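Trainee: sequence and predicted structure are below.
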Amino acid sequence: MLQRLADLKRTFKGLAIALVCIVSLGLSGCVSSGGGGLQSYVDSIDGYKFSYPIGWVQVQMTQEDGPDVVFRDLINSTENVSVVISEIPQDKTLEELGSPTEVGYLLQKSALAPEGSGRTAELVDAEQFLVGDKTFYLLEYLVNLPDQVRHDLATVVVHRGQLYTLNASTIESRWKSVKGMMREMVTSFAVS
């Protein structure tokens, strides 16, 4: 159990760095229009895709160890979606890393609100779903920063021996009006 915890802490170390800087980051990529007010982002090199709202923009990354891609709303710049790819112990499946709740708590403690960060996070919900033969975990958090409260939804999956995390985030005061769209984004995440 202690070894599994140590392995997972290393896995989420890079994710922690990425989530800290998500509000103002980005990269370039391939975008196509989709239906329902969403458009698709496809990364054929890393093997993932997801949908995000029309009118959101991709912003440039300044850190090499940050997210793989970030999009944010032009009008409500505190709303964003990002993908982070993290190393995991060799040949581990998502289920071997832990249950949805276990992985959710580890992500909470190591990436969203690590000790000394000045942030606290609460895992609100954790569930598992399948897309084809891939297991995904859907995690919901309330994150308290020194100057604001945020609501985050994350989808995690193991693909190509790495942990892929898609995280959608907004300020808590906007959560009720955007939660359907946020859920649509995170459940659109697919790997191939």
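Mentor: The structure has been received and is ready for your questions.

Trainee: nearest residue to Ala188 other than its sequence neighbours?
Mentor: Small correction: residue 188 is Ser, not Ala. In space, and not counting its chain neighbours, Ser188 is closest to Ser51: 4.1 Å by C-beta to C-beta, 6 or more residues apart in numbering. (C-beta placed from N, C-alpha, C; glycine too.)

Trainee: measure the one you found to Thr93 for me?
Mentor: Look at Ser51 and Thr93: by C-beta to C-beta, to the nearest Å, they are 26 Å apart.

Trainee: mind checking which of those two has more residues around it?
Mentor: More neighbours surround Ser51 than the other of Ser51 and Thr93, with 22 against 9 (other C-beta atoms under 10 Å).

Trainee: doesn't the more buried one fall inside a strand?
Mentor: Yes - counting by DSSP: H, G, I helix; E, B strand; the rest coil, Ser51 is found in a strand.

Trainee: in this protein, what residue spans correspond to strands?
Mentor: For the chain, strands defined by DSSP state E occupy the ranges 30-33, 38-43, 48-53, 56-58, 69-73, 80-87, 120-131, 134-144, 149-159, 162-171, 190-191.

Trainee: so where's this protein uncertain?
Mentor: Counting by pLDDT under 70, the chain contains low-confidence residues at 1-36.

Trainee: for the residue nearest the centre of the chain, which non-adjacent residue is spatially closest?
Mentor: The centroid of the chain falls nearest to Asn167 when counting by C-alpha atoms, centre = their mean (2.3 Å). Spatial nearest neighbour of Asn167, chain neighbours left out: Ala154 (4.5 Å); criterion: C-beta to C-beta, 6+ apart.

Trainee: OK, contacts around the one you found?
Mentor: By C-beta atoms under 8 Å, 6 or more residues apart in numbering, the contact set of Ala154 is Leu107, Leu138, Leu139, Glu140, Tyr141, Thr165, Leu166, Asn167, Ala168, Val186.

Trainee: hey, what's it bridged with?
Mentor: Leu139, Asn167 (DSSP bridges).

Trainee: which residues does the nearest residue to Asp68 once chain neighbours are set aside contact?
Mentor: Using C-beta to C-beta, 6+ apart and skipping the chain neighbours, the partner closest in space to Asp68 is Val83 (4.7 Å). Counting by C-beta under 8 Å, 6+ apart, Val83 touches Asp43, Tyr48, Phe50, Pro67, Asp68, Val69, Tyr164, Thr165, Leu166, Asn167, Phe189.
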